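sequence-free structure coming up:
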């Protein structure tokens, strides 16, 4: 039986609050990134932590960020991340624990949620393979092992290691003594390092902010500087690897590795590409019409009848089929279409839709709402249980589950204990019914975005479908709002005679002509389906909804990928389409 070694923390925090900047030259994804880069570069800093310019920025999955994703930017020497300061709305910049992740093989996709991946055999100095130069995988056996304090014990014995991390015998280039011991991780800092840290070498950042805590003891090894292999002292910290080459002039002895480039190549299996993601649309198709400048392709077909889509904690697309299967897309082909697929679950009774929060996959079925947990993200359910049998989900995608930042579920359907139809039911994580909203002609589908619940009321008697907005309260705090239709604010009105099948919010900054916080919805009208999007008029007026993509048979679900792809499940055609926009200048 698998051991549960991660604690799910799925509080949504505000992120991406500052505007993303696009420019001809390599851009800073956010002004806060540029400020950090300036404050931690020369002349304020003695050591180049980042490199001469920003490299690619991405939107990456992170369970504890707003809507499960955050803006990050890579540099030669590390990664910057947008986060929200605890207890407030101030946006701050954090630095990735890249050295810890690449040497332990655990990619952090949440505060306490990791995804395993084998450490790489990449030399830590970016050069070709050299038997004298350690690789990241060779450091795996050396990190995380606590050592005894050697402070005040005289000369610090520092072993040599080779490319395999194996200790070798050789005299030390210089004698060292331990002058600091970091109790939290259990490692010694040699005198040259503590003296270096005392000189404030990282600009406005202290050494912990710049390096993190040490996760290994110091070791002697060869490290190439400008192509020349020099005897050097290396020590792995959480964020970076510190290198000290005593044979160089005093102002050049310390440096850090290009951990940003190495980490990106390891995590994504490719060298650092262009500054903007440029996803491929999949197999060409002429069935769907999209606006000029966009591309559409067939992402998946032949997998069954797709009725639900969701993006998981590792950023992968998940597909729910009408035949009762939950599929995880693990890879894509060279044209951007689906490659390898893992069957996560099957045999589900008449599913309506699914939602993912952390490592939990929620599926609404005939008997209520089912939760499937995959604690170690290996594609095999570790537990399976019904969260609630007190609600019979509405038919079709109207009964798809919605999950908020507290793990509370919202489902449109029938409240079984009293038989009330056409209601919206909020259920706690342990299955307790918290509240029931009434007054709908026909509720669903819905979604949660930035701690707001959005629920469609399909209308009746010639009235158009309406999107209602309900506040779920402050982020991180449990609340039980009134979900009666009369309590909701009208967020959008759809065309009279249409039937809405899915709604989602586009929170990406990767489409220059589509602002973040844009509503997308799928709708049926007159026997054909389309995707519509919102166009804002004024802050206090519901947005206009305009046609965005047409030619669908029976669109049933939407999802936004981390690279800005918009996925559309067309149940009538048995196809998942992908809509992308080319990167600027491509």
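On my side now, so go ahead. Since this is a predicted model, take the numbers as computed values, not measurements.

Touching stretch 145-153 from outside, list them.
For stretch 145-153, the surrounding residues in contact (CB atoms under 8 Å, 6 or more residues apart in numbering) are 156, 178, 179, 180, 181, 185, 186, 187, 188, 216, 217. Bear in mind the C-beta positions are built from the backbone N, C-alpha and C, glycine included.

Then stretch 183-199?
Stretch 183-199 has contacts (CB under 8 Å, 6+ apart) with 46, 146-147, 149-151, 156, 158, 174, 176-182, 207, 213-218, 233, 235, 242, 244, 246, 254.

returning to what we had before: just the ones of the contacts of stretch 145-153 in strands?
The members of the contacts of stretch 145-153 that map onto strands under DSSP state E are 178, 179, 180, 181, 187, 188.

Need these in TSV (columns: pLDDT and neighbour count).
Shown next, in TSV, are these (pLDDT from 0 to 100; neighbours: other CB atoms under 10 Å):
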residue	pLDDT	neighbour count
178	96	25
179	96	18
180	97	16
181	97	17
187	97	26
188	97	25
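
now the contacts of stretch 183-199: which count as buried?
Buried members of these, counted by 16 or more other CB atoms under 10 Å: 150, 156, 158, 176-181, 207, 213-218, 233, 235, 242, 244, 254.

Contacts only, for the residue lying closest to residue 141 once chain neighbours are set aside.
Excluding the flanking residues, the one nearest residue 141 by CB to CB, 6 or more residues apart in numbering is residue 165, at 5.6 Å. Shown in contact with residue 165 (CB under 8 Å, 6+ apart): 134, 135, 138, 139, 140, 141, 142.

so residue 165, which of the three states?
Assigned with DSSP: H, G, I helix; E, B strand; the rest coil, residue 165 falls in the coil class.

for the residue nearest to residue 330 when sequence neighbours are not counted, what are its contacts?
Closest residue to residue 330 apart from its sequence neighbours, by CB to CB, 6+ apart: residue 340 at 4.5 Å. Contact analysis of residue 340 by CB under 8 Å, 6+ apart lists 329, 330, 331.

could you measure residue 340 against residue 300, distance?
12 Å (CB to CB, to the nearest Å).

give the contact list for the residue nearest the centre of the chain.
Centre of the chain computed as the mean C-alpha position; nearest residue by CA atoms, centre = their mean is residue 61, 0.4 Å away. Under the criterion of CB under 8 Å, 6+ apart, the contact list for residue 61 reads 68, 69, 109, 311, 312, 313, 314, 315, 562.

separation between it and residue 119?
Taken as CB to CB, the span from residue 61 to residue 119 is 20 Å.

Least confident secondary structure element in this structure?
Every helix and strand of the chain was ranked by mean pLDDT, DSSP states H and E. The lowest is strand 167-168, at a mean of 84.

Please name every helix or strand in contact with that strand.
strand 160-161 (3 or more CB pairs under 8 Å, 6 or more residues apart in numbering; DSSP states H and E).

For the strand it packs on, give the mean pLDDT please.
Averaging pLDDT along strand 160-161 gives 95.

same question, stretch 392-408
For stretch 392-408, the mean per-residue pLDDT is 92.

How far off centre is it?
22 Å (CA atoms, centre = their mean, to the nearest Å).

and the end-to-end length of that stretch?
The straight-line separation of the ends of stretch 392-408 (CA to CA, to the nearest Å) is 17 Å.
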